[in-house]
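Novice: Build me a model:
(one chain, ligands or ions: 1)
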Amino acid sequence: MKALQLTGNKENPLAFVELPMPEPKAGEVLVQLKASALNRRDYWIREGMYPGIRPNVTLGSDGCGTIVKLGENVSESLLNQEVVINPNQNWGENPIVQSDEYTMLGMPSNGTFAEYLAVPVDRVHPKPAHLTSEEAAALPLGALTAYRAVFTHAEVKEGDSVLISGVGGGVAQFAFLFAQTIGAKVFVTSGSEEKSQKVLDTGAAGAVNYKSEDWDKQLKKISGGFDAVIDSAGGDGFSKFVRIMNPAGRIVFYGATRGVPPKLDVFTAFFRQVRFQGSTMGNDIEFEKMLQFIGDHKLKPFVDSVRPFDEILDAFEIMAKNTQFGKLVVRF
Ligand SMILES: NC(=O)c1ccc[n+]([C@@H]2O[C@H](COP(=O)([O-])OP(=O)(O)OC[C@H]3O[C@@H](n4cnc5c(N)ncnc54)[C@H](OP(=O)(O)O)[C@@H]3O)[C@@H](O)[C@H]2O)c1
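Specialist: As a prediction, the model looks like this:
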């Protein structure tokens with residue numbers, strides 16, 4: 001079977017390889033992938049900028065496919081079911097934080113950029129019926145991260161004033177959809193007018209370009225202040241959030257694409273009871289709740305484009321330029 005692996009060669013970090021067909025062990029199922037999607041993580045790994053990377057591993061954390069073979073002790077009823085794969089591995093017993101053994105599919109273990117993948121049966125969940133395979137493949141990592149950030153940590157509820165920064169991001173788009181669905185007033189930032197317009201067309205309360213000098217002042221003016229901010233950019237922009245928070249506001253961050261904030265107004269933060277909350281992925285219960293939420297509300301992810309697996313390297317180039325809006329999906 002064909003897979004896309006990290007080579008360890010800096011000139012050519014990714015290559016298609018022929019691998020033996022995986023054999024499901026006891027308690028596992030063999031999934032024939034129908035679609036998979038890129039995350040920024042795959043790009044960081046390609047660039048050699050991710051902890052714990054090693055060569056000869058198949059990348060990819062997102063996938064949707066059909067169960068075509070069962071290991072021992074797996075119910076026959078699962079055969080031919082269409083499923084979404086939970087990329088979490090070994091979250092552990094504590095729902096609040098992952099265990100030391102926690103990893104994600106697609107590094108260090110083989111991931112979804114392959115025609116077939118064997119996974120433990122508790123990693124697969126029925127595909128939401130209203131979604132195509134390509135749409136369902138866009139969910140796992142991004143929607144799980146957004147679900148925990150928005151609901152578990154930011155505790156967003158109806159009527160809250162919420163800022164989603166960099167809404168063109170793979171996670172951010174889900175944070176936007178989730179907050180909007182429960183009736184929050186959702187404002188966004190983006191570096192692209194076109195991406196801003198797309199979310200304004202789908203009901204965002206306001207949008208500001210984070211490249212403008214006074215983006216924070218513009219946001220304060222149109223929103224009045226925020227009960228919650230969901231951010232993955234970090235950098236110097238992060239420092240500005242403190243002053244546009246409502247009292248007891250929550251700033252939840254799951255990434256730092258722009259690096260470490262150079263300074264932080266902790267005085268304003270503690271006086272206004274502002275909470276800073278880091279967030280990573282989500283536990284297995286949150287994964288199930290995320291799928292349930294998407295199914296109940298018939299939400300559809302923004303998909304930028306779908307291309308054949310053979311052309312996945314083109315999708316990496318688009319991610320490098322960051323011109324996409326929504327997920328970059330490949331079909332098998
Ligand atoms: N902790 C976790 O579990 C977890 C999970 C997933 C991702 N992450 C991390 O979170 C980050 C985003 O991941 P992703 O998959 O959503 O990536 P992505 O799809 O590449 O999105 C990144 C987005 O960042 C936005 N951005 C760039 N500069 C910005 C700025 N100065 N201010 C605000 N937004 C800015 C851009 O938004 P526009 O396109 O709208 O301009 C871009 O689309 C990455 O660093 C990733 O490694 C962490």
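
Novice: Would you pull up how far the host helix or strand of Leu328 lies from the middle of the chain?
Specialist: Following DSSP states H and E, the helix or strand that holds Leu328 is strand 327-331. How far strand 327-331 lies from its chain's middle: 13 Å, per Cα atoms, centre = their mean, to the nearest Å.

Novice: list the buried ones in stretch 31-47?
Specialist: In terms of neighbour count (16 or more other Cβ atoms under 10 Å), stretch 31-47 has its buried residues at 31, 33-43, 45-46. The way it works is simple: take the backbone N, C-alpha and C, and place the C-beta from them, glycine included.

Novice: from those, which single one is nearest Glu101?
Specialist: Arg41 (18.4 Å; Cβ to Cβ).

Novice: any residues touching the helix or strand hosting that closest one, and which ones?
Specialist: Using DSSP H and E, Arg41 sits within helix 40-46. Contacting residues not belonging to helix 40-46 are listed as 6, 13-14, 50, 53, 59-61, 104, 106-107, 113, 141, 169-170, 255, 257, 316, 319-320 [Cβ atoms under 8 Å, 6 or more residues apart in numbering].

Novice: hmm, which of those are the buried ones?
Specialist: Counted by 16+ other Cβ under 10 Å, these give 6, 13-14, 53, 59-61, 104, 106-107, 113, 141, 169-170, 255, 316, 319 as buried.

Novice: residues from the protein in reach of the ligand?
Specialist: Contact residues, the chain versus the ligand (Cβ under 6 Å from any ligand atom): 39-41, 44, 141-142, 145, 165-172, 189-192, 195, 210, 232-233, 235, 237, 254-255, 257-258, 280-281, 322.

Novice: Alpha carbons only: can I get stretch 119-131 in CSV?
Specialist: What follows is stretch 119-131, C-alpha atoms only, in CSV (Å, rounded to 0.1, in the frame of the first residue of the first chain):
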residue,chain,number,x,y,z
VAL,A,119,-6.1,1.1,14.9
PRO,A,120,-7.6,-0.1,18.2
VAL,A,121,-11.3,-0.5,17.9
ASP,A,122,-11.9,2.2,20.5
ARG,A,123,-10.3,4.8,18.1
VAL,A,124,-13.0,4.6,15.5
HIS,A,125,-16.4,6.3,15.6
PRO,A,126,-19.3,6.3,13.1
LYS,A,127,-19.0,9.0,10.5
PRO,A,128,-21.6,11.8,11.1
ALA,A,129,-24.3,10.8,8.6
HIS,A,130,-24.8,14.3,7.2
LEU,A,131,-21.1,14.6,6.1
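
Novice: Show me the contact partners of that stretch.
Specialist: Here stretch 119-131 has contacts from 27-29, 31, 64, 67, 71, 74, 78, 81-86, 88-89, 105, 133, 136, 139, 284, 287-288, 291, 294-295, 298, 300-301, using Cβ under 8 Å, 6+ apart.

Novice: do that again at 7 Å, thanks
Specialist: 27-29, 31, 64, 67, 74, 78, 81-86, 133, 136, 288, 291, 294-295, 298, 300 (Cβ atoms under 7 Å, 6 or more residues apart in numbering).

Novice: average pLDDT across it?
Specialist: Stretch 119-131 shows a mean pLDDT of 98 in the predicted model.

Novice: Sticking with Ala146, tell me its helix or strand.
Specialist: helix 140-147.

Novice: Quick one: list the elements packing against the helix or strand just after that helix.
Specialist: Next helix or strand after helix 140-147 toward the C-terminus (DSSP H and E): strand 161-164. Here strand 161-164 touches helix 170-181, strand 185-190, strand 226-231, going by 3 or more Cβ pairs under 7 Å, 6 or more residues apart in numbering; DSSP states H and E.

Novice: Pull the distance from strand 161-164 to the chain's centre.
Specialist: 18 Å.

Novice: Quickly run through the sheet partners of it, with directions.
Specialist: Paired with strand 161-164 in the same sheet, following DSSP bridges, are strand 185-190 (parallel), strand 226-231 (parallel).

Novice: what does it contact?
Specialist: With Cβ under 7 Å, 6+ apart, strand 161-164 has contacts from 156, 172, 175-176, 179, 184-188, 219, 223-230, 246.

Novice: before we move on, what about stretch 206-225?
Specialist: With Cβ under 7 Å, 6+ apart, stretch 206-225 has contacts from 161, 163, 165, 187-191, 193, 196, 199-200, 237, 240, 243-246.

Novice: now the residues you listed: which count as buried?
Specialist: 161, 163, 165, 187-190, 196, 199, 237, 240, 244-246.

Novice: May I see those arranged in TSV, with pLDDT as well?
Specialist: Supplementary listing: those in TSV, determined by pLDDT from 0 to 100:
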residue	pLDDT
Ser161	98
Leu163	98
Ser165	98
Phe187	98
Val188	98
Thr189	98
Ser190	97
Ser196	97
Val199	97
Gly237	93
Lys240	95
Ile244	97
Met245	98
Asn246	98
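
Novice: Who are the contact partners of Asp160?
Specialist: By Cβ under 7 Å, 6+ apart, the neighbours of Asp160 are Ala184, Lys185, Asp227, Ala228.
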